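> Next come a sequence and a model predicted from it.
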Amino acid sequence: MSVILFILVLVALIVAHEFGHFVVAKLSGMRVDEFGIGYPPRAWGFKKGGTEYTLNWIPFGGFVRIYGEDANDASGGDAFSARPKILQALTLVAGIAMNLLFAYVLIVVSLGLGTQRALTDEEAMRDPNAVIAVADVLPGSPAAEAGFMPGDLIRSVEGKNGTFTGAGTDAFTAYVADDRTLTPLTFEVERNNEPITIVATPQSGVIAAEPWRIGLGVAVSSVGTVAVTWYEAPIQGAVLTWELTKQTAIGLAHFFGGIFTFSTNLAQVTGPIGIAGAVGSAADNGLTALLVITAIISINLALINLIPIPALDGGRLLFVLIETVTRRPINAGVGRTVNTIGFAFLILLMIVVSAHDVFKLFA
């Protein structure tokens with residue numbers, strides 16, 4: 001399931017990116033020969049307005065084919081290379097901008113749907129969907145021996161004093177400690193969206209500093225879904241998108257700077273395998289978490305494409321800048337050679353990062 005979700009997320013982000021190029025190219029008077037979802041061989045398609053719209057069999061992204069991206073292979077005023085440099089630059093930047101816009105929309109939607117966070121007891125009392133969550137389990141405690149794990153959601157507790165279904169941590173602690181006869185308690189727990197039953201008996205002396213206190217040996221918190229109002233979500237979404245973009249840019253700068261100083265820490269880098277796992281884990285935590293992780297990946301895709309490495313949009317932007325300054329096109333052979341080197345560097349980097357992902361899986 002993680003792999004399927006990852007492919008769907010990847011396709012959505014790449015298609016959004018290419019759609020940005022497509023729209024601005026069309027608006028700039030460039031001829032767009034094809035807009036494809038997936039990669040050939042072709043499964044289905046139709047032609048409209050001079051552009052072929054295709055659905056292809058290899059489902060790992062999408063592409064846009066703009067006529068005249070190679071100045072030596074095109075002629076006519078509707079060729080990419082024949083349009084003003086500012087329009088060429090805008091067409092290249094449009095894919096990056098679309099990924100950032102896509103991330104912003106996802107974040108705004110996630111804020112509107114609500115994000116899960118820790119609540120105060122007062123907030124938990126007002127939230128009908130609030131629940132007690134296990135934050136930590138003390139080794140060797142009654143909770144550990146009974147099988148509690150961090151992340152467990154306690155839906156209800158059945159004991160001598162009746163049933164507890166509240167979400168306040170103070171009330172939960174008092175309920176557990178109130179049974180002086182130390183009889184077993186039955187907990188209805190949700191773990192990874194699956195209901196389970198755990199039976200545990202509170203004991204005294206669980207906490208060495210407070211041997212008289214009766215407890216289970218769990219640290220708990222109240223968690224609930226807090227939604228942002230429709231008029232606040234766009235503003236908070238913009239702030240959050242900016243913060244995520246800034247943090248991602250700093251992280252990428254450190255990473256690529258480390259490559260040239262031989263100080264890169266691969267432990268801080270995640271490749272396709274790790275990202276697929278992260279998408280699957282996010283999906284397990286609900287739609288909001290999936291939207292947020294997709295937004296983060298979209299921001300990463302945007303900023304990586306901005307890096308001036310040949311074969312990326314940033315490298316092509318650098319070519320446009322050089323041609324603007326020198327007032328002449330870059331030699332086609334030189335351009336192809338530089339792009340090939342850049343592409344080889346990216347493939348090598350992908351192999352190294354993916355190999356590290358595999359190593360982490362088996363380490």
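The structure has been received and is ready for your questions.

> S110: which element?
Here S110, judged by DSSP states H and E, is contained in helix 85-113.

> try L8
Applying DSSP H and E, one finds L8 within helix 2-27.

> ok, E123 to D284 distance?
25 Å (Cβ to Cβ, to the nearest Å). For every residue, glycine as well, the C-beta is placed using N, CA and C.

> Neighbour count: the two, which is higher?
Counted by other Cβ atoms under 10 Å, E123 and D284 do not tie: E123 has more neighbours, with 16 against 13.

> Please report phi then psi for that one.
phi -70, psi -40 (degrees, to the nearest 10).

> List of residues touching stretch 278-297?
1-2, 5-6, 9, 12-13, 102-104, 106-107, 109-110, 113-116, 192-193, 225, 241, 244, 248, 270, 275 (Cβ atoms under 8 Å, 6 or more residues apart in numbering).

> now these: which count as buried?
2, 5-6, 9, 12-13, 102-104, 106-107, 109-110, 114-116, 225, 241, 244, 248, 270, 275 (16 or more other Cβ atoms under 10 Å).

> helices or strands next to the helix holding L8 in the packing?
strand 32-48, strand 51-66, helix 85-113, helix 272-284, helix 287-306 (3 or more Cβ pairs under 8 Å, 6 or more residues apart in numbering; DSSP states H and E).

> What segments of the stretch 201-350 of the chain are strands?
203-204, 214-215, 218-226 (DSSP state E, counting those that start in this stretch).

> so which of those comes closest to A177?
Across the strands of the stretch 201-350 of the chain, A177 has its closest neighbour in strand 214-215 (4.5 Å, Cβ to Cβ).

> Which elements pack onto that closest one?
Looks like strand 214-215 contacts helix 169-178, strand 203-204 (3+ Cβ pairs under 8 Å, 6+ apart).

> What separation is there between the residue nearest in space to the middle of the chain and I304?
With distances taken as Cα atoms, centre = their mean, I293 lies nearest the centre of the chain, 2.2 Å away. The gap separating I293 from I304 is 16 Å, by Cβ to Cβ.

> Repeat that for I341.
Counting by Cβ to Cβ, the gap from I341 to I304 is 17 Å.

> More neighbours: those two, which one.
Each of I341 and I304 has its neighbours counted (other Cβ under 10 Å); I304 has more, 18 against 13.

> need the contact list for that one.
I304 neighbours (Cβ under 8 Å, 6+ apart): 252, 312.

> Let's see the pLDDT reported for it.
Note on I304: pLDDT of 92.

> same thing with R83?
Reported pLDDT for R83: 91.

> quick one, what contacts it?
Contact partners of R83, counting by Cβ under 8 Å, 6+ apart, are 28-30, 77.
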